[in-house]
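Q: Give me coordinates for this.
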Amino acid sequence: MKEKLIIVRIPIDILLRFKHLRELTSSPAEVIDALRNRSELVEVSADDDCVRRNPEKPEGNHDEVLKDYKRRSVYIGGFPLRTTFDQLKAYLEMYGNVPSFVTRRDSETQQFRGSIFATFETEQLAQQFLANPTAGIYHGRFLDRKMQLDYEQYRQRKIQLDYERYYAHI
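A: From the prediction side, this is the model:
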């Protein structure tokens with residue numbers, strides 16, 4: 001059975017409520033211009049009122065999309081806690097096309113934890129970023145950098161070792 005494609009239209013004024021977008025602009029015209037001229041994934045309605053996913057760019061299988069993102073994503077830690085979104089964006093732009101990045105925040109305070117996951121356009125760009133020694137320094141601080149999949153393995157191993165250490169004394 002073939003899945004039915006559901007097309008959701010999101011009004012521009014709803015997008016302008018998103019925190020990061022609000023930090024960048026409050027102008028609907030600026031958002032429309034950026035989406036119209038720079039996005040292959042999203043298209044703007046003829047009346048400039050809404051956006052929707054480009055039907056020629058379907059979502060695809062969620063698991064496969066997630067695997068692809070993780071193959072192109074890099075963990076970067078060691079940023080000063082006061083580093084802003086714009087500073088992170090400017091840093092990443094020096095090293096290739098990074099369509100998205102996620103800041104890691106404390107679950108209770110929402111304070112920036114000094115680390116991000118940056119998704120590069122290609123896995124090759126991500127590998128080039130890791131191989132570039134200059135990219136490992138931010139304002140005189142050495143950054144911890146590794147592929148997201150490697151970081152996840154490291155974290156899993158650390159959790160296991162902490163668990164074993166804790167229960168070894170009981």
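Q: Tell me the secondary structure at the residue nearest to the spatial centre of the chain.
A: Nearest to the geometric centre of the chain sits F101, at 2.3 Å (CA atoms, centre = their mean). Under DSSP: H, G, I helix; E, B strand; the rest coil, the three-state class of F101 is strand.
Q: For A168, see how far away it is.
A: Using CB to CB, to the nearest Å, F101 is found at 38 Å from A168. For every residue, glycine as well, the C-beta is placed using N, CA and C.
Q: And Q124, by the same measure?
A: Q124 is 43 Å from A168, by CB to CB.
Q: now Q156
A: For Q156, the distance to A168 - CB to CB - is 19 Å.
Q: Neighbour count: those two, which is higher?
A: More crowded of Q156 and A168, by other CB atoms under 10 Å: Q156, with 10 against 7.
Q: Quick one: distance of stretch 13-25 to the chain centre.
A: From the chain centre to the centre of stretch 13-25 is a distance of 17 Å (CA atoms, centre = their mean, to the nearest Å).
Q: All set, thanks.
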